[in-house]
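Participant: sequence and computational prediction follow.
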Amino acid sequence: MRLETLRGDDPRDVLRALRGAVLGAGPAISLGLSSEAADAAAHPAPREVPAGTAVVVTTSGSSGVPKSVILSRSALTSSALSTAARLGEGAWLLALPASYVAGLQVLVRSLVQGHEPAILSGKFSAEGFAAASLSMKSSVGGVRVPSYTSLVPAQLATVLDAAPHDPAVAEALRSFEAILIGGQALPAALAARAEALGARIVRTYGSSETAGGCVYDGVPLDGVRVRTVDGELQLGGPTLADGYLDAPELTADVFVEDGGERWYRTGDAGAFVDGVVSVTGRRDNVIISGGVNVSLDRVEAAVHSVPGLERAVVVGVSDERWGEASVIVLGASASAGVSASAGVAGLDPAALLEAARAAVADAVDAKARPRQLEIVPQLPMLSSGKPDRQALRRLFAG
């Protein structure tokens, strides 16, 4: 099958191309390339991909190393149909980049369910979210059409910050039958704020390799298989990608065959008990500090329990004494009134750091306490809405 590279990620262009790639005879489309890479790929010899391929999504994932994930029509539509079976059918609002798998799936669900998606273009804002959300109200035969959307935690936090002061934003939050939250762990404090405002939040777990979220609130979607091997979560079922483009060795390492079934090695540590998935963090997001293995995901979860640090990021840095240590990084725009100097509203960096160190000592281990707290003007973000941890590590490498 022929593969065409889309230049840019205008959601309307992606939607038009998806109609042929998912519902028609193709061609398959390539998404997620940087503008430079897309320019270089604009006029190559036609590429061929496996029959049945709909989309190739290029993503850096958590490692910072680009990977091009091959997703078939079958995987994408299986995911869309399983989501409808779990949540119900309705209209979807696209508030994420269309080149990101969660945004891509919003468009696929819309195509499969026969509803034109609402599209929020440009830089995300609470006001834009409210306007797009409230414009979706429609009915068929006098019955209201349910609406859904998908956000990352940073977007949810932006909306929650505005909702108490803007009735339209609060109404928009409550208007959705479900708001899927994925891309990274949702801090408990954000979830509690959303619930208090009447938002119906569904935590999702998955990746590009599983055609997006395939576990909702800990429960796998229909047909999705889960197991743990040596503490690593592995996923199987009809939503699995076919592998990685031009990377047979990586494909063989990540997608394994066992007893005639394919499994995706997630790289996440976790458990699957009584039908419920729990994720404790990335197996590779670990530092060795003073000879002790420290999970930065667990440290970050404890840090998020401190008021004012719900949107902080924890990264590992080198340390002359301990080998490695962790640093809390907070964007000034998300610092809840904290300044880099004396602080305001009764909060200051030193007090926040001490509260975070105490929380980590209680929840993880005293040896895992962060070394310092740094406030930057703005956290670097990936196009997917996740913090750019690689950029933060480079920033504090010294």
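Facilitator: That came in fine, so what should we check first? Just so it is clear, the model here is predicted, and its values are computed rather than measured.
Participant: quick check: buried residues in stretch 356-364?
Facilitator: 356, 357, 359, 360, 364 (16 or more other Cβ atoms under 10 Å). C-betas here are computed from N, CA, C, even on glycine.
Participant: what's next to that stretch, contact-wise?
Facilitator: 294-295, 298-299, 301-303, 305-306, 309, 312, 328, 368-370, 373 (Cβ atoms under 8 Å, 6 or more residues apart in numbering).
Participant: restricted to strands, list those.
Facilitator: Using DSSP state E, 294, 295, 328, 373 are the members of those that sit in strands.
Participant: for residue 211, state which of those residues is nearest.
Facilitator: Comparing the ones in strands among the contacts of stretch 356-364 against residue 211 with Cβ to Cβ places residue 295 closest, at 27.4 Å.
Participant: my read: that closest one touches residue 288, true?
Facilitator: No: the pair residue 295 / residue 288 is not scored as a contact, 11.2 Å apart, by Cβ atoms under 8 Å.
Participant: which ones are touching residue 385?
Facilitator: So residue 385 contacts 96, 97, 100, 124, 151, 152, 154, 155, 183 (Cβ under 8 Å, 6+ apart).
Participant: residue 119 pairs with what?
Facilitator: Beta bridges link residue 119 to residue 94, judged by DSSP bridges.
Participant: meant to ask about residue 207
Facilitator: residue 212.
Participant: residues near it, how many?
Facilitator: 23 (other Cβ atoms under 10 Å).
Participant: ok, now residue 372?
Facilitator: 13.
Participant: partners of it in the sheet?
Facilitator: residue 327.
Participant: what sits against it?
Facilitator: Counted by Cβ under 8 Å, 6+ apart, residue 372 has contacts 327, 328, 353.
Participant: which of residue 295 and residue 288 has more neighbours?
Facilitator: Neighbour count, other Cβ under 10 Å: between residue 295 and residue 288, residue 295 has more, with 19 against 12.
Participant: what's the closest non-adjacent residue to that one?
Facilitator: residue 281 (4.9 Å; Cβ to Cβ, 6 or more residues apart in numbering).
Participant: sorry, back to before: and of the ones in strands among the contacts of stretch 356-364, the nearest to residue 224?
Facilitator: Using Cβ to Cβ, the ones in strands among the contacts of stretch 356-364 come closest to residue 224 at residue 295, 25.2 Å.
Participant: top of the contacts of residue 372 by neighbour count?
Facilitator: Neighbour max across those (other Cβ under 10 Å) = residue 328, 25 neighbours.
Participant: what separates that residue from residue 321, distance-wise?
Facilitator: 18 Å (Cβ to Cβ, to the nearest Å).
Participant: what does residue 381 give?
Facilitator: Taking Cβ to Cβ as the measure, residue 381 and residue 321 are separated by 32 Å.
Participant: those two: which is more packed in?
Facilitator: Comparing residue 381 with residue 321 by other Cβ under 10 Å, the one with more neighbours is residue 381, at 14 against 8.
Participant: state the pLDDT value of that one.
Facilitator: Looking at residue 381, its pLDDT is 85.
Participant: any buried residues in stretch 253-268, and which?
Facilitator: 254, 255, 262, 263, 264, 265, 266, 267, 268.
Participant: quick check: bridge partners of the second one?
Facilitator: It stands for residue 255. Bridge pairing for residue 255 - DSSP bridges - gives residue 264.
Participant: can you give me the pLDDT of it?
Facilitator: So residue 255 comes in at 97 (pLDDT).
Participant: quick one: contacts for it?
Facilitator: 209, 240, 241, 243, 262, 263, 264, 265.
Participant: kindly recompute the last result at 6 Å.
Facilitator: 243, 262, 264 (Cβ atoms under 6 Å, 6 or more residues apart in numbering).
Participant: tell me, what residue is most central in this structure?
Facilitator: The residue lying closest to the centre of the chain (Cα atoms, centre = their mean) is residue 183, at 1.2 Å.
Participant: got a list of what that residue touches?
Facilitator: Applying Cβ under 6 Å, 6+ apart, the residues near residue 183 are 152, 384, 385, 386.
Participant: what about the last one, how many residues close to it?
Facilitator: Summarising burial for residue 386: neighbours were counted as other Cβ under 10 Å, giving 19.
Participant: isn't it right up against residue 182?
Facilitator: No: the pair residue 386 / residue 182 is not scored as a contact, 10.0 Å apart, by Cβ atoms under 6 Å.
Participant: the residue nearest to the centre of the chain belongs to a strand?
Facilitator: No: Residue 183: not assigned to a strand; according to DSSP: H, G, I helix; E, B strand; the rest coil it is coil.
Participant: so what's it closest to, chain neighbours aside?
Facilitator: Residue 183's closest residue in space is residue 152 (Cβ to Cβ, 6+ apart), at 4.1 Å.
Participant: where in the protein is pLDDT low?
Facilitator: The model of the chain has pLDDT under 70 over residues 8, 33-46, 60-65, 139, 333-347, 398.
Participant: now the helices: where do they sit in it?
Facilitator: Ranges of helices in the chain, per DSSP state H, are 11-18, 35-40, 73-87, 101-113, 126-134, 153-162, 167-175, 188-196, 248-254, 296-303, 349-363, 389-395.
Participant: of all those, which lies closest to residue 204?
Facilitator: Nearest of the helices of the chain (Cβ to Cβ): helix 101-113, 7.9 Å.
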